[in-house]
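[1] Based on what follows, work out the 3D shape:
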Amino acid sequence: MHIRISLLAIVSSALLGAAAIGRPAQAPAVESQQPLAEGAADVRAMLDDGRYACAEERARELVARARREGRERTREGADLLGLLARSSWLGGRSAAPETMACAERALEISA
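    Coordinates of the predicted model:
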């Protein structure tokens with residue numbers, strides 16, 4: 001349990017940074033028009049607002065999009081995986097195997 005929390009803390013601080021981009025949480029633009037970085041900023045705003053389920057859903061969509069576009073194994077992809085792990089963890093799914101797998105993949109990519 002401590003390892004899982006520590007791993008997620010590392011992902012949060014290393015990939016997500018200490019400061020979130022100060023944008024109001026809003027409905028994302030059409031997927032093809034919104035850069036992944038802007039989608040990530042939306043997820044961070046949702047996390048800041050305590051909207052963990054919404055953040056997890058949006059992060060999951062962005063990770064799937066990054067995979068389709070062949071960008072999952074980039075720094076941007078690692079950031080999105082970290083956001084998915086963080087939103088799942090904060091939403092009460094810290095024991096879910098997928099949460100740990102996303103955190104581990106994010107660290108592997110960013111290493």
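
[2] which phi and psi does residue 91 have?
    Torsion angles at residue 91 (phi, psi; degrees, to the nearest 10) stand at phi -80, psi 10.

[3] right, and it touches residue 57 too?
    No. The pair residue 91 and residue 57 does not pass the contact test of Cβ atoms under 8 Å, sitting 9.8 Å apart. For glycine as for every other residue, the C-beta is placed from the backbone atoms N, C-alpha and C.

[4] and the spatially most central residue of the chain, what element?
    Residue closest to the mean C-alpha point of the chain, counted by Cα atoms, centre = their mean, is residue 83 at 1.3 Å. Assigned by DSSP states H and E, residue 83 falls within helix 75-90.

[5] go on, residue 99?
    Element membership for residue 99, per DSSP H and E: helix 97-110.

[6] residue ranges with poor pLDDT in this protein?
    In the prediction, the chain carries residues with pLDDT under 70 at positions 1-33.

[7] and the gap between residue 39 and residue 65?
    Between residue 39 and residue 65 the distance, using Cβ to Cβ, to the nearest Å, works out to 8 Å.

[8] typed the wrong thing, it's residue 56
    For residue 56, the distance to residue 65 (Cβ to Cβ) stands at 15 Å.

[9] When these two are compared, which one has more neighbours?
    Of the pair residue 56 and residue 65, residue 56 is the one with more neighbours under other Cβ atoms under 10 Å, namely 24 against 18.

[10] Just confirm the more buried one contacts residue 87, I think it does.
    Yes. Residue 56 is within contact range of residue 87, at 4.0 Å (criterion: Cβ under 8 Å).
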